[in-house]
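J.: Below are the sequence and a predicted model; questions follow.
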Amino acid sequence: MAKTIFGRIAAGEIPCKKVYEDDLVLAFHDVAPQAPTHILVIPKEDVATLNDLGPGHEALAGRMVIIAAKVAKELGLAESGYRLVMNCNEDGGQTVFHVHLHLLGGRAMGWPPG
Ligand code: 5GP
């Protein structure tokens, strides 16, 4: 199957504004930010949606959350707060079918979400 845009970013084929990288994940600025700070944390492994995560992905899923929190701290969001979002499939609003965690901060977030 053809790689998604995030698969290509993870493979280094397309540039991104990187803020963090390790063996499992990559974090970079969203190209169309929905908040003053909008970072995406993606796995290097090609995983299409949250539905495709299972046993064996615990370390990966945990790493994504821990790195999002670390980046939030480094970008000065920890005290004021921020939101982590993962969209799944059509009703969730997912548009790129490579699992990703949105880190949104720098403004107050509404609830319930749209
Ligand atoms: P989703 O709607 O799937 O949860 O989120 C996809 C996100 O990827 C959107 O916020 C969108 O702005 C972002 N995005 C789409 N294409 C690119 C790209 O080529 N580079 C970057 N950095 N972000 C992208």
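T.: Cool, got the structure.
J.: From now on I want contacts and neighbour counts done on CA atoms only, so please keep to that.
T.: Will do.
J.: My understanding was that His98 contacts Thr4; is that so?
T.: Yes: with contact defined as Cα atoms under 8 Å, His98 counts as touching Thr4 (6.6 Å).
J.: who's in contact with the lengthiest strand in the chain?
T.: Using DSSP state E, we find that the single longest strand of the chain is strand 37-43. By Cα atoms under 8 Å, 6 or more residues apart in numbering, the list of residues contacting strand 37-43 from outside reads 6, 10, 24-30, 60, 64, 67-68, 98-106.
J.: So it, near the ligand or not?
T.: No: if you take Cα under 6 Å from any ligand atom as the test, strand 37-43 misses the ligand, and the best it gets is 7.4 Å.
J.: May I have that strand as CSV, with CA atoms only?
T.: Provided in CSV are the C-alpha atoms of strand 37-43 (Å, rounded to 0.1, in the frame of the first residue of the first chain):
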residue,chain,number,x,y,z
THR,A,37,1.0,25.6,19.3
HIS,A,38,0.0,22.6,17.2
ILE,A,39,2.4,19.6,17.2
LEU,A,40,1.8,16.2,15.7
VAL,A,41,3.4,13.1,17.3
ILE,A,42,3.5,10.1,15.0
PRO,A,43,4.9,6.6,15.1
